[in-house]
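>>> any chance you can model this:
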Amino acid sequence: MDVKNAFLVSDVLERVYMQPPPGSAYSAHKFEMKDLGTLNYFLGLEISHDSTGYYLSQAKYTSDLLTRAGLTNCKTTSTLVDSHTRLTPIDGDFLSDATLYRQLVSSLVYPTMTHLDIVYAVYLVSQYMLAPRTPYYTTLLHILHYLKGTMFHGLYYSAHSSLKLRAFSDANWAGDPTDGHFTTGFCFFLGDSLLTWHSKKQSLTARSSTEAEYRTLADVTQELLWLH
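I've put the predicted structure just below:
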């Protein structure tokens, strides 16, 4: 639904109390509304559906991103950045112009909505946005070549999925060669449907792989209780 209204007022300093309308037939009497029909495309997110479920992808957004990078006709690669890839702030030469690099890396954050497989790789190339070097740009190009080959990959949500909640987690102990911090990752499934995922480098150093795993499990438990 598209609600045609405008709030042409300045910042309100007074305390305001509002009562929500009783339902969708809430609002049509007060505001001009337009039914846009079945949701198919919204903010770069493509949605297709039938009686079996929903499929979410970002093919058009990815295609536009590749065009902006000048890689429309580039070759594809079936593998993402190797898990042993280590980028440091001292390897390689500085890029003469980092503008395109920063624009492309920033644009890569949005496709992680449906391409969770690139989350860690995007984290790698986004660490040194201030002063990127040539190895970072090479890694960035590799990600884009991978996206070219997986443009139509996305997330499928079955209409017949169970309501059983499952979680998977892992930790990369001392994975960052610069500061020794570890990376945690987890994902949750509701039946066969991916519900939420997370990959983040922690701000501390674990003294053992066991400590890293337990800290990850603590984060997973917190998310599990919230979801439940």
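>>> put the alpha carbons of the longest helix belonging to the chain into PDB.
The helix spanning the most residues in the chain, taking DSSP state H as the definition, is helix 209-227. The C-alpha coordinates for helix 209-227 follow below in PDB (Å, rounded to 0.1, in the frame of the first residue of the first chain):
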ATOM      1  CA  SER A 209      40.000 -21.700  20.100                       C
ATOM      2  CA  THR A 210      37.800 -23.100  22.800                       C
ATOM      3  CA  GLU A 211      37.200 -19.700  24.300                       C
ATOM      4  CA  ALA A 212      36.400 -18.300  20.800                       C
ATOM      5  CA  GLU A 213      33.800 -21.100  20.300                       C
ATOM      6  CA  TYR A 214      32.200 -20.600  23.700                       C
ATOM      7  CA  ARG A 215      31.900 -16.800  23.100                       C
ATOM      8  CA  THR A 216      30.300 -17.600  19.800                       C
ATOM      9  CA  LEU A 217      27.900 -19.900  21.500                       C
ATOM     10  CA  ALA A 218      27.000 -17.200  24.000                       C
ATOM     11  CA  ASP A 219      26.100 -14.900  21.100                       C
ATOM     12  CA  VAL A 220      24.000 -17.600  19.500                       C
ATOM     13  CA  THR A 221      22.200 -18.300  22.700                       C
ATOM     14  CA  GLN A 222      21.300 -14.600  23.100                       C
ATOM     15  CA  GLU A 223      19.900 -14.500  19.600                       C
ATOM     16  CA  LEU A 224      18.100 -17.800  20.100                       C
ATOM     17  CA  LEU A 225      16.300 -16.500  23.200                       C
ATOM     18  CA  TRP A 226      15.400 -13.300  21.400                       C
ATOM     19  CA  LEU A 227      14.000 -15.200  18.400                       C
END
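>>> can you show me the strands along the protein?
For the chain, the strands defined by DSSP state E cover 2-4, 32-34, 41-42, 45-50, 53-57, 154-158, 165-172, 183-190, 193-201.
>>> nearest to residue 122, of those?
Of all the strands of the chain, strand 193-201 sits nearest to residue 122, with 9.1 Å by CB to CB. Where you see a C-beta, it was placed from the backbone N, CA and C, and this is true even at glycine.
>>> and the closest one, what's buried?
Neighbour-count burial for strand 193-201 flags 193-195, 198-199, 201 (criterion: 16 or more other CB atoms under 10 Å).
>>> go on, stretch 50-65?
Neighbour counts over stretch 50-65 (16+ other CB under 10 Å) mark 54-59, 61-62, 65 as buried.
>>> and the furthest pair within the residues you listed?
Taking CB to CB, no two of the buried residues of stretch 50-65 sit farther apart than 54 and 65, at 23.2 Å.
>>> hmm, back to that, now the buried residues of stretch 50-65 as CSV including distance to residue 222?
Formatted as CSV, the buried residues of stretch 50-65 follow (distance: CB to CB, whole Å):
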residue, distance to residue 222
54, 28
55, 30
56, 26
57, 30
58, 29
59, 34
61, 31
62, 32
65, 33
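>>> let me know the closest of those to residue 12.
residue 61 (35.8 Å).
>>> isn't that closest one right up against residue 111?
Yes. Proximity of residue 61 to residue 111 meets the contact threshold set by CB atoms under 8 Å, at 6.4 Å.
>>> outside of stretch 45-63 itself, list whatever touches it.
Around stretch 45-63, the neighbours that count as contacts under CB atoms under 8 Å, 6 or more residues apart in numbering are 38-41, 44, 72, 110-111, 113-115, 147-148, 151-161.
>>> that'll do, ta.
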